[in-house]
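[1] Next come a sequence and a model predicted from it.
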Amino acid sequence: MAETPPSYYTRLPPFAALFATGVPMLMYHKLGPRPRGVRLKGLYVGCGVFARQLAELRAAGFVTPPLAAPPSVAGNPGRRLALTFDDGFANVLRHGLEPLARHGFRAIEYLVAGRLGATNDWEERDGECREQLMDAAQVRDWLAAGHEIGAHTLTHPRLTQIPPAQAREEIAGSRHRLEDEFGVPVRHFCYPYGDWNEAVRDWVGEAGYATACTTVAGVNPAGTHPLALRRHLARHRSLRLRDWQAAWKRWWACRPGGGS
C-alpha cells in the first residue's frame, strides 16, 4: 500500500505517484533567507531548497505550460505542473527569476492589486515581519521574463468575513486594476488565506476568472472545479524531535573519538 504523502511539499519522491493522478500545483510565498523574528517560518523557502526542488522536478520531466483548468483526460500524461506564488513579494523576483529561467519553468504570481510597492500589512497586523511587495516596475520585469500574474484581491481580506458588496469589489476590482496597469489579461484568482465558500466562488466566476486557487492540499484530476483548484504548500523540511535526535547521534558518533 502506497504511503500517504505529507500535506506540504519538500521533495518529489513521496509525491511521485500522486502527481501522476492529476495536475499538481505548488504554493510558494517568500524566497530567500528568513529575517529574525519571523512567526510563519514555513512561508519562506531558502534559495538552495528552491533550486533543488526545481532541479528535481525538471529531471523528472515536469513542464509548466500557461496556467489553465485541469485537462479532461485522466491522470497527468503531459506531466503538467503549476508553480504559484501568493502575495507578490519582491524577494520572489530577486531570488526566483534565475533558477526559474535555468530550469525552463514558468510561474504565476498572485498580486494584491491595491498594495503594489507597499508591504504585507495584513501580516504585520498579526505581528509578522515586514516584507516589501513588488512595485509596478518589478511586476513588469516579472512579466517580461515570461511569467504570469493573477489577482489576489485588492487588500487581502478574508472574503467570507466581509460584506458581499465589498467582497465582490475586492474580487472584480483587483482584476480590473491589474489589467489596466499592465495591459495583460488577468484570468486567474487566488483566495486570500484560502478563505472561500460557494458564494465567493460564484462571485469569482461572475468576475470572469477562468481558475481560482485554494489552499486545500491535493492534485487536480479531470473534473476538478476550475474555481476550486488544490495546491500543496512548498516549503523546507521540518525536522521532528526524533530527526534532531538522530542527527545529534550521528554527530556524536562521527566526532573525533566518537563512539568510544
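    Noted; the coordinates are in hand. Here the structure is a predicted model, which is why all the values come from computation and not from measurement. Numbering: from 1, shown residues only.
[2] how much space between the spatially closest residue to Gly46 that is not a sequence neighbour and Phe15?
    In this structure, Gly46 finds its nearest non-sequential neighbour in His236, 6.2 Å apart by Cβ to Cβ, 6 or more residues apart in numbering. (Glycine included, C-beta is placed from N, CA and C.) Computed with Cβ to Cβ, to the nearest Å, the distance linking His236 and Phe15 is 16 Å.
[3] With His95 instead?
    Where Phe15 is concerned, His95 sits at a distance of 23 Å (Cβ to Cβ).
[4] Check which helices and strands the helix ranked longest in the chain is in contact with.
    For the chain, the helix that runs over the most residues, judged by DSSP state H, is helix 164-182. The contact analysis (3 or more Cβ pairs under 8 Å, 6 or more residues apart in numbering; DSSP states H and E) places helix 164-182 against helix 136-144, strand 148-151, helix 198-206.
[5] To Phe105, which of the ones you listed lies closest?
    strand 148-151 (11.8 Å; Cβ to Cβ).
[6] what sits up against the closest one?
    For strand 148-151, the surrounding residues in contact (Cβ atoms under 8 Å, 6 or more residues apart in numbering) are 66-67, 106-111, 113, 139, 142-143, 171, 174-175, 178, 182, 184, 186-190, 209, 213.
[7] How about stretch 213-223?
    7-8, 18-19, 21-25, 27, 70-76, 84, 110, 150, 188-191, 193-194, 196, 228-233.
[8] so where's the stretch 151-260 of the chain shaky on pLDDT?
    238-260 (pLDDT under 70).
[9] could you redo the last one with a cut-off of 80?
    237-260 (pLDDT under 80).
[10] So Gly146 sits against Ala107, correct?
    No - applying Cβ atoms under 8 Å, one finds Gly146 not in contact with Ala107, separated by 9.3 Å.
[11] And the two? Which one has more around it.
    A count of neighbours by other Cβ atoms under 10 Å puts Ala107 above the other of Gly146 and Ala107, at 22 against 13.
[12] Need the winner for burial among the helices and strands packed on helix 164-182.
    Most buried of the helices and strands packed on helix 164-182, by mean neighbour count (mean count of other Cβ atoms under 10 Å): strand 148-151, with a mean of 25.
[13] follow-up on the earlier one: of the contacts of stretch 213-223, buried ones?
    Listed as buried from those are 8, 18-19, 22-25, 27, 70-71, 76, 84, 110, 150, 188-191, 196, 228-233; burial here means 16 or more other Cβ atoms under 10 Å.
[14] In this structure, which residue is most central in space?
    What sits nearest the mean C-alpha location of the chain, by Cα atoms, centre = their mean, is Met27, with 2.2 Å.
[15] residue contacts, that one?
    Met27 touches 84-86, 213, 215, 231-234, counting by Cβ under 8 Å, 6+ apart.
[16] Where does it sit, in terms of helix or strand?
    strand 25-28 (DSSP states H and E).
[17] Which neighbours in the sheet does that strand have, and how are they oriented?
    strand 82-87 (parallel), strand 232-233 (parallel) (DSSP bridges).
[18] With distance to Trp122 added, can I get these in CSV?
    Shown next, in CSV, are the strands paired with strand 25-28 (distance: least, Cβ to Cβ, whole Å):
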stretch, distance to Trp122
strand 82-87, 9
strand 232-233, 18
